[in-house]
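# generate coordinates for the sequence data below:
(2 chains)
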Amino acid sequence: MLASLRRRLHEIFVRWALRVRPPEPAPIVLTQRRVYVLPTRAGLAYGAALGVMLLGAMNYNLSLGYALVFLLAGLGIVAILHTFRNLVLLSIRPGRCEPVFAGSVAQFGLLLESQRPDARTSLRLFFDEAVPIEVDIGPHACTATTLGVHAAKRGWLPMPRFTIETTWPLGLIRAWSYAVPELNCLVYPTPAAKAPPLPWSSDSARGSARDGRGADDFSGLRKHQVADAPRHVAWKAVARQQDGPLLTKLFSGAAAQQLWLDWAALPDTIDTEQRLSILARWILDADAAGLAWGLRLPAVRLAPDNGPAQRSAGLHALALYSHGAH
Amino acid sequence: MARTNRPVSRRQAWWLLATALAASLPLAPQVPLWLSLAAGAVFSWRAALTWRQWHLPPRWLLVLLVIAGTVGVFLQYRTTMGRTPGIALLVVFLSLKLLELRAARDAVATALLCYFLVLGQFLFTQTIPTALLACLTVLITTATLLAASDDRPQPLLQLRRAGLMLAQALPFMLLLFLLFPRVQGPLWGIPQDRISAVSGLSDTMSPGSIALLSQSDAIAFRVQFKGTVPPQSELYWRGPVMPSFDGRSWRVRQTLGAYTEVPYSGIGAAVDYEVTLEPHGKFWLFALELPATLPADSALTSDYQPIARQAVRNRMRYAQRAWPEAIAGINEASSILREALALPRDGNPRMRAIAAGWRAQHGDDGAAILATAETFFGQQLLIYTLNPPLLGADIVDEFLFDTKRGFCEHFAAAFVFALRAAGVPARVVAGYQGGEVNPVDGYLVVRQYDAHAWAEAWIAGRGWVRIDPTAISAPSRINSNLASAVPTEEGLPFLARSDLAWLREVRYRLDAVTNGWNQWVLGYNPQRQRDLLAGLGMNEPDWRSMTAVLSVLCGGVMLGLTVWILRNRLRVDPALAAWRRFTARLARRGIVWQPWEGPLAFAERAAGQAPRHAKSIVEIATLYARMRYGPAPQAGDLLQLKQKIAAFHP
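Below you'll find the model as predicted:
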């Protein structure tokens, strides 16, 4: 009850503190208006200790005791300024963010840029309740760092609000700020652990072709390239057409197969997310085997191809699949 | 908030060990020897743990050690409250805390304990060397706090950063020190243990008690005269007056009937001065005879002795005025006169017999008896010495007729006895006589070896009259100083000797520095604060106005520092600023620089649009591009760029 009230108050404070409706345009500069400063627990203990020492100095009329307490009080004030200075006017830009599968950790890249002539030390970045990452930034330097967050669901995962704080140099004062850079991570569906075998289409003539024998099968001609082996040159074809370009015979096994990863091919009993998981598994398997494959979703059709671009396109389509597109 | 409670690293452990050592070593003379040894053992243990990277001792062992240490301190002092036991306990806790360094939190706690111990040192001494030592300890402790939050930098860098931060804290310290509304302690109870054994006059005087003081060169008080310093022979600093005599010792009166204003009036010139009195743990204040004013919170006893309301446990400063020629006590109360005649029933028959003769000869003529007594003392050829022989039961007789050697208390006691025996009311006055002017700062310094005792007799029509019997036998004691009055072979305190001129010079300078320190740092109390602020033009400074001024000034310093922190944002690269002026001028001609354009590309476009200025545009852009992107920029480049842009008017 109390904890939830605290959480809600904190949320209200953060919303007010951010001042900008998230996500914020880059670069995010932590101006003095959005850097907050409060004592840490150690700082409170320090203050309490100074209070007790002041009482002692008063009771015993210790002039040097007063001087000591005042020096340490000055040190506390100076610590506020140093801590504040360590964070203020830091500029944050969103960096890269590689797509991940749901269930793993999305790594949001950030570029922290300091235009100060001296270093910034021990800045801690973290999402709520997460383990902080500590970075230093050199004078006039830019440091790249990543912040990980658990990606639970497929689709676009916007970078959550993160806190950047520092208690450097004395650990008595904490300066902190919040930021929500505009950065999204694409989360693919989790590949199913158990999936049916790749769905070779029933019209495919040679279902067994994918075991590699097909490497000797002629599949077509294309313009000769320097790297092609001389024995694959289609000399007959070259001879047929005078002065024509040198042609290379293409042989392939699986590439010739028509592998369609089809939404509709799965039984109706399987729900949407499960289907997407199975399709993701198929894409990964097909890609690993170097096969060319096509993808059919209710609203999306991806022509057969192979390679990383095809893989990304397929997973992208799965990640963003929505019922509305039905 | 992300709480990172990292374990204490090896380097941090070394830092904490160094801090603990720096904080507790200066206290070694104050705590019992067993505690010093135990703390040393724990420090060595900690060093071994850190060196070998062994595991920390289990918690139950630490609990046992804490209990053992506390019990030890209790057995030593029979209490755990108060100054010395408190400090001893802090040393116990600090050394055992070192064995419990598990997380960053423990490191901070240790550093705070060290700050406490620095304050603890000040309970015992607040001299300049102590202050310097404390600065060092605070520096190391602050560096340890730095290391507790980031232990990567090298030790020297940590110390440097700590020094820098402390230097930045100095303005705040000065402001707070001067303006923080001061409270005169104590806040609760009376710190009984604040002053332990200090030398000084006591409320009784027996043969040898003042001679003992003559071995001490500790400072009793310092005096700053408003005008010229009166001659040495007039510097009688009145202290405890002792009217009651039990045959051996003289005592102050137990009940103190007190005046709040002086009950006599002065004639002749007044002397104004200010006394800075070292704490002596007694109630009396010293004043030049006879005091004309009373310091705040003090009263005058019926024998004209200023008494403070509270025992003098701190160095105190008071302004005073004296009437050297005041006539006091013409209409003295009969009870006081009776007391000034009281003698024990027996003892000292020889002196009593002689005094009875004076009485028979002069009757009630006190002045005549006094003159006779002075002559008599002169004829006895008494010797003033620091090492008088021990006296038996009849101290006056033996001194006057047998040993003939004595210190001032012998002279004063014998003289007062003689007068009383002859029927003249008299009493012993203890105090200090003389002093030494420090030529460096002009203060008159009165030391314990200036302690003195003299006599006061009541003569009808003249009131109380001061007679110094020591001056009859050893006039140089009064006119010059102790060293000139005693034989050279007698052991005098080092500082009381008048040879060794260079040494005296050094001592004067050191003493002037110490006095400045005492007056302005240690003696900065509510009174001095009010005086200073009034001198700075603050009318009726009270805590409200002080707090207001303090807040404004501290706020000002903070604002200044904040502007300094944010200054980087305000400062633009000068070459870029010049380039912006240049593009602004072209923009007025409709040639707008686009942010994605490089300087050379822009120059090409601009030159095409304004062919008349093509040459200077290209020159400026080329120069700017070279400064920005070329190899090492040349010295005159910036100036050249500025000049060219200043001369550019499209």
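# tell me where the stretch 501-650 of chain B has strands.
Here the stretch 501-650 of chain B has no strands by DSSP state E, counting those that start in this stretch.
# and chain B, what are its domains?
Following automatic domain parsing, chain B resolves into domains at B:10-179, B:526-570, B:574-646.
# and for chain A?
Structural domains annotated on chain A: A:2-187, A:209-217+A:252-325, as defined by automatic domain parsing.
# for chain B, what's the nearest residue on the stretch 51-200 of chain A?
A:Gly74 (3.0 Å; C-beta to the nearest C-beta). Glycine gets a C-beta too; all of them are placed from N, C-alpha and C.
# so how far is B:Trp284 from the closest residue to B:Leu522 other than its chain neighbours?
Excluding the flanking residues, the one nearest B:Leu522 by C-beta to C-beta, 6 or more residues apart in numbering or on different chains is A:Ser63, at 4.4 Å. Here the criterion is C-beta to C-beta, to the nearest Å. By it, A:Ser63 lies 24 Å from B:Trp284.
# give me the low-pLDDT residue ranges for chain B?
B:1-5, B:185, B:188-199, B:254-257, B:483-500, B:565, B:567-573, B:595, B:632-633 (pLDDT under 70).
# pick out the residue nearest the middle of it.
B:Leu522 (3.4 Å; C-alpha atoms, centre = their mean).
# that residue and B:Met316: what is the separation?
B:Leu522 is 11 Å from B:Met316, by C-beta to C-beta.
# one more: B:Gly72?
With the distance defined as C-beta to C-beta, B:Gly72 ends up 37 Å from B:Met316.
# more crowded one of the two?
Neighbour totals were compared for B:Gly72 and B:Met316, and B:Met316 leads with 23 against 17 (other C-beta atoms under 10 Å in any protein chain shown).
# state the phi and psi torsions of the more buried one.
For B:Met316, the backbone dihedrals are phi -130, psi 150 (criterion: degrees, to the nearest 10).
# describe which strands the host helix or strand of B:Glu456 pairs with in its sheet and in which direction.
Per DSSP states H and E, B:Glu456 falls inside strand B:451-459. Applying DSSP bridges, strand B:451-459 is found paired with strand B:426-433 (antiparallel), strand B:463-467 (antiparallel).
# which stretches of the stretch 201-326 of chain A form strands?
So, for the stretch 201-326 of chain A - with DSSP E, counting those that start in this stretch - the strands run A:218-223, A:247-251, A:259-262, A:293-296, A:301-305.
# for chain A, what is the nearest residue in the stretch 1-150 of chain B?
B:Ser149 (3.6 Å).
# in contact with B:Gln529, which residues?
For B:Gln529, the contacting residues are B:178-179, B:181-182, B:541, B:546, by C-beta atoms under 8 Å, 6 or more residues apart in numbering or on different chains.
# quick one: it from chain A, how far?
11 Å (C-beta to the nearest C-beta, to the nearest Å).
# what about the residue nearest to the residue of the stretch 1-150 of chain B closest to chain A when sequence neighbours are not counted, which SS state?
Leaving aside its chain neighbours, B:Ser149 sits nearest to A:Gly171 (3.6 Å; criterion: C-beta to C-beta, 6+ apart). Look at A:Gly171: counting by DSSP: H, G, I helix; E, B strand; the rest coil, its state is coil.
# buried residues in the strand or helix carrying B:Leu145?
Element membership for B:Leu145, per DSSP H and E: helix B:128-149. Neighbour counts over helix B:128-149 (16 or more other C-beta atoms under 10 Å in any protein chain shown) mark B:130-131, B:133-134, B:137-149 as buried.
# stretch B:387-407 too?
When neighbours are counted by 16+ other C-beta under 10 Å, the buried residues of stretch B:387-407 are found to be B:388, B:391, B:394-400, B:403-404, B:406-407.
# could you dump those into a markdown table with secondary structure added?
Output for the buried residues of stretch B:387-407, formatted as a markdown table (three-state DSSP):
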| residue | secondary structure |
| --- | --- |
| B:Pro388 | coil |
| B:Leu391 | coil |
| B:Asp394 | coil |
| B:Ile395 | helix |
| B:Val396 | helix |
| B:Asp397 | helix |
| B:Glu398 | helix |
| B:Phe399 | helix |
| B:Leu400 | helix |
| B:Thr403 | helix |
| B:Lys404 | coil |
| B:Gly406 | strand |
| B:Phe407 | coil |
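# same list, those residues, but as TSV with distance to chain A please.
Output for the buried residues of stretch B:387-407, formatted as TSV (distance: C-beta to the nearest C-beta, whole Å):
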residue	distance to chain A
B:Pro388	40
B:Leu391	42
B:Asp394	47
B:Ile395	41
B:Val396	44
B:Asp397	48
B:Glu398	46
B:Phe399	43
B:Leu400	47
B:Thr403	46
B:Lys404	48
B:Gly406	40
B:Phe407	35
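# which one of the residues you listed sits closest to B:Arg11?
B:Arg11 has its nearest neighbour among the buried residues of stretch B:387-407 in B:Phe407, at 62.8 Å by C-beta to C-beta.
# tell me the contacts of the nearest residue to the closest one once chain neighbours are set aside?
Once flanking residues are discounted, B:Phe407 sits nearest to B:Ala211: 4.1 Å by C-beta to C-beta, 6+ apart. Contacts for B:Ala211 were tallied using C-beta under 8 Å, 6+ apart; they are B:386-388, B:407, B:409.
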